[in-house]
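Asks: below: sequence and its predicted model.
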Amino acid sequence: MMRCWPILIAACLLTSVTIEERSFTVDVKNRQFLKDGKPFQYASGSIHYVRVPYQYWRDRLMKMKAANLNTVQTYVMWNFHEQEDGVFDFTGQADIENFISITNELGLNLIVRAGPYVCAEWEFGGLPWFLANSNITVRTSDPEYMFYVRRWYKQLLPKLKPHLYANGGNIISIQVENEYGSYYQCDNYYLQQLHQIFKEALGDDIVFFTVDPPTSLKCGTTDSMLATVDFGPKIVTNEIMSLYFDLQNLYGTGGPRVNSEFYSGWMTHWGMLSYFHTNIDNFIGKLDFLLSLKASVNTYMFEGGTSFGYWSGANSFIAGTTVYDVTSYDYSAPMTESGDITQYFYTKFSEIVGARLKNFNLTVPANTTKTAYASNLKTEFVGRVFDVMDTIKISTISSEKAINMEKLGCGYGFILYETVSPNNYAKDSEICFTANSIRDSASIFVKKSSNTKFIGTIFNNRMFHSCIQLSDDIAKSDAMYFLVQNQGRINFGNQLNDQRKGIVGDVVINKRDELIGWKNTVLDISKIFNNLTASVSLNSNDSGFFTARCIINCSFGNDTFIKPNNFKRGFIWLNGRNLGRYWPGQGPQITLYIPKYYLKPNPEVNTFVIFELEPVDLSMTSISFFKEPIWN
């Protein structure tokens, strides 16, 4: 027993010294990072843990390490962890500490972009929906906004602290806010408050930094944080990139050359002709130049993943239109949405990074197996929204004017508004929403006798009235229904403080008769799984709920992609899990990704629910599965 003591004491002393000497700092004079006192350059890649099934985190991170990266970067989406006011979740898909631990086990450094705002083509830029239902001015020093921010960070930051590099973990730096220099407020006191919150919770042994486009640095940082830049390879020369780093050094503390978002691709919106195609050789050439400057570079994205459920965001433009992000966040990155390596891009990337950083890692793990399980699997019609209200309704509130979604206590999905026609109206009469008052689309129905007829769909316009003509006469007191969908709050731009959803203004007929006396019903579409009995429609074409069931003929399923055949616009659920939005008529995304972990193995039955918002031919609808995604 006594002979073991010297060994134990020596081990304890060694561990103590090692932890005390761990440091990650900025050498301003020599424009470099120092890791444990030695010059350090990172090659990083972005992966968002909320967009990749947690069962696949290790697989994706191993492939990133095999690409010779020494660091990974991730966003923290506040609204994913606080989906209801004051209710926080850090389990399962939201278990950020599990994600951090895996990166550490694999020997990867980690950069955490902790918000509170993150953009990321994510719903509301990561802000919780309930912030939209008040007079709060987000992304400012507004005391009410800061109350929620402080409450959030009291939950998050203690979970990060044990994982800081100085504390024996692998987090080498933390971003404060995101691209704040591009925001119209320019509230420096806000940034100072955020920095102070982080320092009080985490201490000074961590590099805090900001990220901005090179032309927006003035309002994006403070003198006490490292300013970094973001730009892509598409239209910049080597000389311009060097100039960007010179601009970067004029702001914040000054220091290392850092591109925190070197774009491997770009976002895709519904209605684009195709998804973004990267000029890979141009990207690789520019990346090689950046690394030759001893710049630390993060490739955004290295794997994009998927915005499952209602999590995809939107962007607004001057012309009064809002464009909505597709469900896939493939981003044309070196790894696909489903985690596969793209042979040419991934290989060239690995070669350049390995050569520049002298950092050669593992053999590349194999891609996951994909299976096309069935073709034209017939779907059954379950019923229209009105037929299943008892199943999917959460609550109904009556009011003189329509009530917006957030005031009804709902953050995402759908609200059903019901009113009655105030007069008789002839065919071709117009129903209009005042400018920017339908957020974001409304499927309109009129009930005549025992049948409810679909009139059409109206989409929001921020600058002009949105109108639709009646296809039939309406009698006084006919019931009118407006099924309103939140298609995603914007994730970037100056309209972040105007993101209430549902009906937020007046609805008029023939520009004179305002519709009043509303029933506002909150819906939980996922509850339809409690009642999937097939029914017979009075119409050959109808909208509403459809279902299909299948058994996967293997001990455990493989990944796949689902295509809704002869459907138009809506969402698909699998075994109660929302796979995201489909909209093939707009494109360019046609299929939705299904990870194998969402499937039930043989002999269990997999149940699909399709919520279709437009009338479709009931005799023609089906679903098919593919080994690869389809884009038009």
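Replies: Arrived safely.

Asks: which residue ranges form the helices in the stretch 1-150 of the chain?
Replies: In the stretch 1-150 of the chain, the helices defined using DSSP state H, counting those that start in this stretch lie at 5-21, 57-66, 78-81, 96-105, 143-160.

Asks: indicate which one of those is closest to residue 399.
Replies: Judged by CB to CB, the one of the helices of the stretch 1-150 of the chain that comes nearest to residue 399 is helix 143-160, at 25.1 Å. Yep, even glycine has a C-beta here, placed from its N, CA and C like the rest.

Asks: on that earlier part again, quick one: closest of the helices of the stretch 1-150 of the chain to residue 400.
Replies: Closest to residue 400 of the helices of the stretch 1-150 of the chain, according to CB to CB: helix 143-160, at 27.7 Å.

Asks: can you put the helices of the stretch 1-150 of the chain in TSV and add distance to residue 557?
Replies: Shown next, in TSV, are the helices of the stretch 1-150 of the chain (distance: least, CB to CB, whole Å):
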stretch	distance to residue 557
helix 5-21	44
helix 57-66	16
helix 78-81	25
helix 96-105	23
helix 143-160	33
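
Asks: go through those helices and name the closest to residue 441.
Replies: helix 78-81 (21.4 Å).

Asks: give me the contacts around the closest one.
Replies: 50, 88-90, 93-94, 96, 115-116, 118, 122-124, 126-129, 152, 155-156, 311 (CB atoms under 8 Å, 6 or more residues apart in numbering).

Asks: also stretch 589-601?
Replies: Contact with stretch 589-601 is made by 53, 55-56, 268, 270, 275, 306, 326-328, 337-338, 368, 552, 554-563, 572, 574-575, 577, 579-580, 582-584, 606, 625-626, 629-632, as judged by CB under 8 Å, 6+ apart.

Asks: just the buried members of the contacts of helix 78-81?
Replies: Using 16 or more other CB atoms under 10 Å as the burial test, the contacts of helix 78-81 include 50, 88, 93-94, 96, 115-116, 118, 122-124, 126-129, 152, 156, 311 as buried.

Asks: in the helix or strand hosting residue 610, what counts as buried?
Replies: Taking DSSP states H and E as the criterion, residue 610 maps to strand 605-617. Neighbour-count burial for strand 605-617, counted by 16+ other CB under 10 Å, picks out 606-616.

Asks: show the average pLDDT along the next helix or strand after that strand.
Replies: Scanning forward in sequence from strand 605-617 by DSSP H and E, the next helix or strand is strand 622-626. Average pLDDT, strand 622-626: 97.

Asks: helices and strands around strand 622-626, which ones?
Replies: strand 377-378, strand 560-565 (3 or more CB pairs under 8 Å, 6 or more residues apart in numbering; DSSP states H and E).

Asks: note down every partner strand of the first one and its orientation.
Replies: Right, strand 377-378. In the sheet, strand 377-378 lines up against strand 622-626 (antiparallel) (DSSP bridges).

Asks: just how off-centre is the strand it pairs with within its chain?
Replies: Centre-to-centre, strand 622-626 and its host chain are 25 Å apart (CA atoms, centre = their mean, to the nearest Å).

Asks: measure how that strand sits relative to strand 560-565, angle-wise.
Replies: 150 degrees (axes from the mean of the first three to the mean of the last three CA atoms, to 10 degrees).

Asks: please shift the residue numbers so they start at 766 in all later answers.
Replies: Done: numbering now begins at 766, and the last item shifts to strand 1387-1391.

Asks: give me the residues contacting strand 1387-1391.
Replies: 1135-1144, 1313, 1325-1331, 1356, 1359, 1373, 1375.

Asks: once you drop chain neighbours, what's closest to residue 952?
Replies: Leaving aside its sequence neighbours, residue 952 sits nearest to residue 905 (CB to CB, 6 or more residues apart in numbering; 4.7 Å).

Asks: typed the wrong thing, it's residue 976
Replies: residue 1025 (4.3 Å).

Asks: assign the one you found to helix, strand or coil.
Replies: Three-state call for residue 1025 (DSSP: H, G, I helix; E, B strand; the rest coil): strand.

Asks: need the contact list for it.
Replies: Counted by CB under 8 Å, 6+ apart, residue 1025 has contacts 838, 940, 974, 976, 993-995, 1063, 1065.

Asks: rerun that using 6 Å as the cut-off
Replies: Residues near residue 1025 by CB atoms under 6 Å, 6 or more residues apart in numbering: 976, 993, 995, 1063.

Asks: make JSON lines out of the residues you listed and add distance to residue 1293, secondary structure and neighbour count.
Replies: Putting the contacts of residue 1025 into JSON lines (distance: CB to CB, whole Å; DSSP: H, G, I helix; E, B strand; the rest coil; neighbours: other CB atoms under 10 Å) gives the following:
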{"residue": "976", "distance to residue 1293": "41", "secondary structure": "strand", "neighbour count": "27"}
{"residue": "993", "distance to residue 1293": "46", "secondary structure": "strand", "neighbour count": "28"}
{"residue": "995", "distance to residue 1293": "42", "secondary structure": "strand", "neighbour count": "20"}
{"residue": "1063", "distance to residue 1293": "41", "secondary structure": "strand", "neighbour count": "25"}
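
Asks: can I get the buried part of the contacts of stretch 1354-1366 as one ChimeraX selection?
Replies: Command for ChimeraX, covering only those of the contacts of stretch 1354-1366 found buried under the criterion 16+ other CB under 10 Å:
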select :818,821,1033,1035,1040,1071,1091,1092,1093,1102,1103,1317,1322,1323,1324,1325,1326,1327,1328,1337,1339,1344,1345,1347,1348,1349,1371,1390,1391,1394,1396
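
Asks: and the gap between the closest residue to residue 872 other than its chain neighbours and residue 1068?
Replies: The spatially closest residue to residue 872, leaving aside those adjacent along the chain, is residue 830, at 7.1 Å (CB to CB, 6+ apart). To residue 1068, residue 830 is 13 Å away according to CB to CB, to the nearest Å.

Asks: the two: which is more packed in?
Replies: Comparing residue 830 with residue 1068 by other CB atoms under 10 Å, the one with more neighbours is residue 1068, at 30 against 22.

Asks: show me the beta-bridge partners of the nearest residue to that one once chain neighbours are set aside.
Replies: Leaving out its chain neighbours, the residue that sits closest to residue 1068 by CB to CB, 6+ apart is residue 1100, at 3.9 Å. Beta bridges link residue 1100 to residue 1068, residue 1106, judged by DSSP bridges.

Asks: what sits against the residue nearest to residue 952?
Replies: Per CB under 6 Å, 6+ apart, neighbours of residue 905: 950, 952, 955.

Asks: let's see that with 10 Å instead.
Replies: 911, 948, 950-952, 954-955, 958, 1262 (CB atoms under 10 Å, 6 or more residues apart in numbering).

Asks: drop anything exposed from those residues.
Replies: Among the contacts of residue 905, the ones that count as buried by 16+ other CB under 10 Å are 911, 948, 950, 952, 955, 958, 1262.

Asks: could you identify the most distant pair in the residues you listed?
Replies: 958 and 1262 (18.3 Å).

Asks: what's the strand holding residue 1375 packed up against?
Replies: strand 1145-1148, strand 1206-1213, strand 1216-1224, strand 1244-1250, strand 1306-1316, strand 1325-1330, strand 1335-1339, strand 1342-1347 (3 or more CB pairs under 10 Å, 6 or more residues apart in numbering; DSSP states H and E).

Asks: so which of these comes closest to residue 931?
Replies: From those, taking CB to CB, the stretch that ends up closest is strand 1342-1347, at 39.1 Å.

Asks: show me the shaky parts of the protein.
Replies: Low-confidence segments of the chain (pLDDT under 70): 766-785, 1083-1085, 1319-1321.

Asks: cool, thanks, talk later.
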